[in-house]
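S.K.: sequence first, then the predicted structure, then my questions.
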Amino acid sequence: MMSSSPYEPGRDPLSPNCNLAPITTELDAQSRLIVGGCQLSELAECYGTPLYVLDEATLRAACQSYRGALQRHYPGPSLPIYASKANSSLMMSSLVASEGFGLDVVSAGELLTALKGGVPGDCIVLHGNNKSDQELLLAYRNGVTIVADNQHDLDRLSQLVPVGADPAKLMLRFTPGIECHTHEYIRTGHLDSKFGFDPDQLESVLNQLLGCRWARLTGLHAHIGSQIFELEPHQDLADVMAGALQLARRLGHPVMDLNVGGGLGVRYVSSDDPPSIDNWVKVVAEAVNQACRSRNLDLPRLMCEPGRSLVAAAGVTLYRVGSRKTIPGLRTYLSVDGGMSDNPRPITYQSLYTACLADRPLASPDETITLVGKHCESGDVLLKDLALPYASSGDVLVVFATGAYNVSMSSNYNRIPRPAAVLVHSGHSELVQRREQPEDLLRYDVMPERFLALG
Ligand SMILES: Cc1ncc(COP(=O)(O)O)c(C=O)c1O
Ligand SMILES: N[C@@H](CCCC[NH3+])C(=O)O
């Protein structure tokens, strides 16, 4: 049996998305795993489990790779924007802002988190295919750019912006009609998508916005999907978007922003081999540059919206091993103290992960187990066919690359409290999200009075 250790020294520290583990991962003298200078099993002891751990150096390395690559490969202005749906918190908002990033939000909750985390309103864009009036107003009042996804957005905004007041800053999202290979739930660029205007509608929407006082069109947006390893669809997108930019300018909109979305994939298992951040940016930047030059267009400000590739590799989740059940000749189930409520990706997208024991990452495996959570659901499987040294109750197990779309998609299924999250850096750990307690889950329950009267 092969060891499934994610400890891969020497992989690309400049492109965290190409690594299984955070870039600061190392072993101590007893071959126990250390991340950000902190021993993982000590973090589990100190903060309890399940525990989300985020490595600050990995987060900053990913941000700096995007920024550096945009500056190197794109001759015009640029602004990377963090897609905060991947992992939204006050700390993340503050960290990406300090790295010169803007931020993309899709709800009032994410928007408040960005603003309170210190991201200036004019560096935030609001997405969403069904924005509420409250969300539109909160965005408008804070100078946030609103990405109009459909006619409903335009109709509502035209009512909400006070007559004579500053116009809302608007981008138009359209579906570019580009297919890519990823799970069907996370594809967005094909025509049969709930997001964005149909490309055939673009001209009439652009005409509709000409001369309107309540909106100023600043840019165009498209996003083709998530966890994509191919580069060609992004090149095709650049060409489609440059065509749309040409149309908008010809019709009289002095549009300066071109937002090509996110989508760069990450390495979850050793067979995954995504492009590096530098390569992705280079291909996108060159394609936009070339598509604009061939149409004689002044270069727009290039915006991109990475989510997963910025945070996935920075995160690991720590669990404690609990019960085991062996069905002779069939399978051994090993249970941990979390599961589909803290990581719904395996049950939602059949996503694969890599895991090992925190204190024995290099030990030879003794058995192949199925790693399951504690939820009342047979599909609550975190990893199938995981080769591990024999794990006893109480051992700390690490699942890698959980920084993206784990805490942000977590739930309280079975009334299980959400885990705490800590940030690690140079041997220090800081709490960035408190652990929920069972009592917290009752906070919004209301017992109807007539039930109380029944005693
Ligand atoms: C509009 C938009 N921008 C950016 C992203 C971020 O994508 P990713 O996490 O794949 O980089 C998404 C998610 O797919 C999205 O819907
Ligand atoms: N939640 C998805 C990605 C969705 C991207 C948002 N449009 C995932 O975990 O892969």
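M.R.: All right, it came through fine. Ligands and ions are numbered 1, 2, ... in the order given.
S.K.: can you give me the offset of the helix or strand R67 falls within from its chain's centre?
M.R.: Using DSSP states H and E, R67 maps to helix 56-73. The chain centroid and the centroid of helix 56-73 are separated by 16 Å under C-alpha atoms, centre = their mean, to the nearest Å.
S.K.: same deal with stretch 322-340?
M.R.: Distance, centroid of stretch 322-340 to centroid of chain: 30 Å (C-alpha atoms, centre = their mean).
S.K.: do stretch 395-414 as well
M.R.: If you compare the mean C-alpha spot of stretch 395-414 with that of the full chain, they lie 13 Å apart, counting by C-alpha atoms, centre = their mean.
S.K.: are the helix or strand just after the helix holding R67 and ligand 2 in contact anywhere?
M.R.: Past helix 56-73, further along toward the C-terminus, the next helix or strand under DSSP H and E is strand 78-83. No - between strand 78-83 and ligand 2, judged by C-beta under 6 Å from any ligand atom, nothing touches; the nearest distance is 7.1 Å. Every residue, glycine included, has its C-beta placed from N, CA and C.
S.K.: strand partners of strand 78-83, parallel vs antiparallel please.
M.R.: In its sheet, strand 78-83 lies beside strand 102-105 (parallel), strand 301-304 (parallel), with partners assigned from DSSP bridges.
S.K.: before we move on, back to that, kindly format the C-alpha coordinates of the helix holding R67 as PDB.
M.R.: Listed in PDB are the C-alpha atoms of helix 56-73, where the atom choice follows Å, rounded to 0.1, in the frame of the first residue of the first chain:
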ATOM      1  CA  GLU A  56      -1.400  33.200   6.600                       C
ATOM      2  CA  ALA A  57       1.800  32.700   4.600                       C
ATOM      3  CA  THR A  58       0.000  30.600   2.000                       C
ATOM      4  CA  LEU A  59      -2.900  33.100   1.700                       C
ATOM      5  CA  ARG A  60      -0.500  36.000   1.200                       C
ATOM      6  CA  ALA A  61       1.700  34.000  -1.300                       C
ATOM      7  CA  ALA A  62      -1.400  33.400  -3.400                       C
ATOM      8  CA  CYS A  63      -2.400  37.000  -3.300                       C
ATOM      9  CA  GLN A  64       1.100  38.200  -4.200                       C
ATOM     10  CA  SER A  65       1.300  35.700  -7.100                       C
ATOM     11  CA  TYR A  66      -1.900  37.100  -8.600                       C
ATOM     12  CA  ARG A  67      -0.900  40.700  -8.100                       C
ATOM     13  CA  GLY A  68       2.700  40.200  -9.400                       C
ATOM     14  CA  ALA A  69       1.500  38.200 -12.400                       C
ATOM     15  CA  LEU A  70      -1.000  40.800 -13.400                       C
ATOM     16  CA  GLN A  71       1.700  43.500 -13.200                       C
ATOM     17  CA  ARG A  72       4.200  41.400 -15.200                       C
ATOM     18  CA  HIS A  73       1.900  40.100 -17.900                       C
END
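S.K.: thinking again about what came up before, may I see the strands paired with strand 78-83 organised as JSON lines, with mean neighbour count added?
M.R.: Converted to JSON lines, the strands paired with strand 78-83 look like this (neighbours: other C-beta atoms under 10 Å):
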{"stretch": "strand 102-105", "mean neighbour count": "26"}
{"stretch": "strand 301-304", "mean neighbour count": "23"}
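S.K.: of all those strands, which one is nearest ligand 1?
M.R.: Taking C-beta to the nearest ligand atom, strand 102-105 is the member of the strands paired with strand 78-83 nearest to ligand 1, at 5.6 Å.
S.K.: can you name the residues of the stretch 201-350 of the chain that neighbour ligand 1?
M.R.: If contacts are counted using C-beta under 6 Å from any ligand atom, the residues of the stretch 201-350 of the chain sitting beside ligand 1 are H223, S226, G261, G262, G263, L264, E305, P306, G307, R308, S309.
S.K.: surely the last one forms part of a helix?
M.R.: Yes - secondary structure of S309 (DSSP: H, G, I helix; E, B strand; the rest coil): part of a helix.
S.K.: measure it to H425 for me?
M.R.: Distance, S309 to H425, by C-beta to C-beta, to the nearest Å: 20 Å.
S.K.: show me which of these two is the more surrounded one.
M.R.: For S309 against H425, the residue with the higher neighbour count under other C-beta atoms under 10 Å is S309, and the figures read 29 against 17.
S.K.: for that one, list the residues it contacts.
M.R.: Contacts for S309 (C-beta atoms under 8 Å, 6 or more residues apart in numbering) come out as P16, N17, A62, G262, L264, G265, V266, P274, I277, W280.
S.K.: can you rerun that using 6 Å?
M.R.: Contact criterion C-beta atoms under 6 Å, 6 or more residues apart in numbering gives N17, L264, V266 as the residues in contact with S309.
S.K.: phi, psi for the last one please.
M.R.: This means V266. Reported as degrees, to the nearest 10, the phi and psi values for V266 are phi -130, psi 170.
S.K.: which ones are touching it?
M.R.: Applying C-beta under 6 Å, 6+ apart, the residues contacting V266 are N17, P274, R308, S309, A312.
S.K.: dump those to CSV, plus pLDDT and distance to V288.
M.R.: Written out in CSV, the entries for those read as follows (pLDDT from 0 to 100; distance: C-beta to C-beta, whole Å):
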residue, pLDDT, distance to V288
N17, 98, 21
P274, 97, 20
R308, 98, 21
S309, 98, 18
A312, 98, 25
